[in-house]
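Novice: With the sequence up front, the predicted model follows.
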Amino acid sequence: MKAWFLDQPGQPLALRDTAMPEVRANAVLVKMEAVPLLSYTRSYVEGALPYAYPPGPFTPGTNGIGTVLAVGDGVQHLRAGQRVALNPYWIADEAVAEPAQALLGLTGISTDSGAMLAAFPHGTLREAAEMPASTVIPLDGLESVPAERLAALAKFAVPFGGLRRGRLAAGETVAVNGAGGYFGSGAVLAALAMGAAKVIAIARRAEALQALVELGRGRVLPVVLSGDAAADAAAIRAAAGGGVDLAFDMVGQARDPHSTLAALHSLRRGGRLVLMGSMQGDLPLPYGQMLLNNWELIGHFMYTRADYLALVSLARSGLLPLDAVEMRQFGFEELERAIDDAQSLQGLQSTVVMFGA
């Protein structure tokens, strides 16, 4: 089979012939159909990110859609011929307080994840990917949906996990900070699918919110940030018609905390704020107001298996509109072009590498 390899960060990617892996115990071998790319793939390949890279040479690539070719000993429920989604978030399945965790095909997460990356160094940008069975999600009932459309699940999985952690309930009002971004736009649609009465979509540019407002059909209300935290909090509360039940912060690479603080101060008494963004700085908290308002602050990373299964159920029911995402498709051998394209991703867009295209 063919696979893309990164010998070490900073070197060019290389497409090579390699042996088809023999599936190991508790693992699954999947014939790949579609792989969505992260917007920062170019920076990753160039070694510009402070990540714990897998030992090289290795195949990058995180999420993906494919069909099971074979399962290893100890795999109980997956079967050959089954349509599945691959996700990179692997947590060691052992009864310890803090199990090791890694993002396969990308980076180690915990300080003790080196052995995990050594055992499964390769990601999804190969014609057949071997992954731990616990990272493979069945897509039963979605066999007729095109692979490129199912690849949009990766856009929703991360924010969906955060919304579930924040206990978003049907009928509540949620404010999404960073709604114009890749994951933030996914959070808006996921919140709608979960039954939010109102979603306050927060961004720095009005045009980044237009498509979300149209898709919301009156349930998505835009707020364009001014840079004044107090004024922006007041604007969010005005759009919500009072305090917000849940604020969800998905802002990327922010240099200051103004928009996150605006989201915090938009909360009603007893409201929750979930942090899932990548702000480059500290968040100064108003200690007294946190106490008086019973505000809850939740830091959250990724999602659980149960979250991903619930997300698939929403897609199967039609409540999650996968077709709202603009999929920009490239062939497997066009990976370099696809990586360049992914750098310009905005809002409801996704770059996907197609196998056999």
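Specialist: Good, I have the coordinates.
Novice: The strand or helix carrying Leu15 pairs with which strands, parallel or anti?
Specialist: Following DSSP states H and E, one finds Leu15 within strand 14-17. Partners of strand 14-17 in the sheet, by DSSP bridges, are strand 2-5 (antiparallel).
Novice: Now do the buried residues in the partner strand.
Specialist: Of the residues in strand 2-5, those buried under the neighbour-count criterion (16 or more other Cβ atoms under 10 Å) are 3-5. (Glycine included, C-beta is placed from N, CA and C.)
Novice: again, but for stretch 324-340
Specialist: Residues of stretch 324-340 classed as buried by neighbour count (16+ other Cβ under 10 Å): 325, 327-330, 332, 335, 338-339.
Novice: cool, and stretch 8-20?
Specialist: Residues 9, 13 are the ones in stretch 8-20 that count as buried (16+ other Cβ under 10 Å).
Novice: so how far is that stretch from its chain's centroid?
Specialist: Taking Cα atoms, centre = their mean, to the nearest Å, one finds the center of stretch 8-20 at 25 Å from the center of the full chain.
Novice: What is the end-to-end distance of it?
Specialist: End-to-end distance of stretch 8-20 (Cα to Cα, to the nearest Å): 22 Å.
Novice: same check, this time on stretch 119-133
Specialist: 13 Å.
Novice: pLDDT averaged over it - what is it?
Specialist: Across stretch 119-133, pLDDT averages out at 98.
Novice: Can you give me the buried ones in that stretch?
Specialist: Residues of stretch 119-133 classed as buried under the neighbour-count rule (16+ other Cβ under 10 Å) are 120-133.
Novice: Other residues contacting stretch 349-357?
Specialist: Residues lying outside stretch 349-357 but in contact with it, judged by Cβ atoms under 8 Å, 6 or more residues apart in numbering, are 31-37, 125, 127, 147-148, 151-152, 154-155, 182, 325-332, 334-335, 338, 341-342, 345.
Novice: Closest one of the buried residues of stretch 324-340 to Phe248?
Specialist: Phe248 lies nearest to Val325 out of the buried residues of stretch 324-340, by Cβ to Cβ, at 18.7 Å.
Novice: re the thing from before, list the pairing partners of the helix or strand just after the strand holding Leu15 within its sheet, with orientation.
Specialist: As assigned by DSSP H and E, the chain's next helix or strand after strand 14-17 is strand 27-36. Using DSSP bridges, strand 27-36 pairs in its sheet with strand 64-71 (antiparallel), strand 128-132 (antiparallel), strand 349-354 (antiparallel).
Novice: Using PDB, write down the CA coordinates of the last one.
Specialist: Spelled out, that is strand 349-354. Output in PDB follows, covering the C-alpha atoms of strand 349-354 (Å, rounded to 0.1, in the frame of the first residue of the first chain):
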ATOM      1  CA  GLN A 349     -15.500  24.800   5.800                       C
ATOM      2  CA  SER A 350     -13.400  21.600   5.800                       C
ATOM      3  CA  THR A 351     -10.500  20.300   3.700                       C
ATOM      4  CA  VAL A 352     -10.700  16.600   3.100                       C
ATOM      5  CA  VAL A 353      -8.300  14.100   1.400                       C
ATOM      6  CA  MET A 354     -10.100  11.500  -0.600                       C
END
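Novice: returning to that earlier point: average the pLDDT values over the strand holding Leu15 and round to the nearest integer.
Specialist: Summarised as a single mean, pLDDT over strand 14-17 is 98.
Novice: what do you get for stretch 175-190?
Specialist: 97.
Novice: For it, measure first residue to last.
Specialist: According to Cα to Cα, stretch 175-190 extends 12 Å from its N-terminal end residue to its C-terminal end residue.
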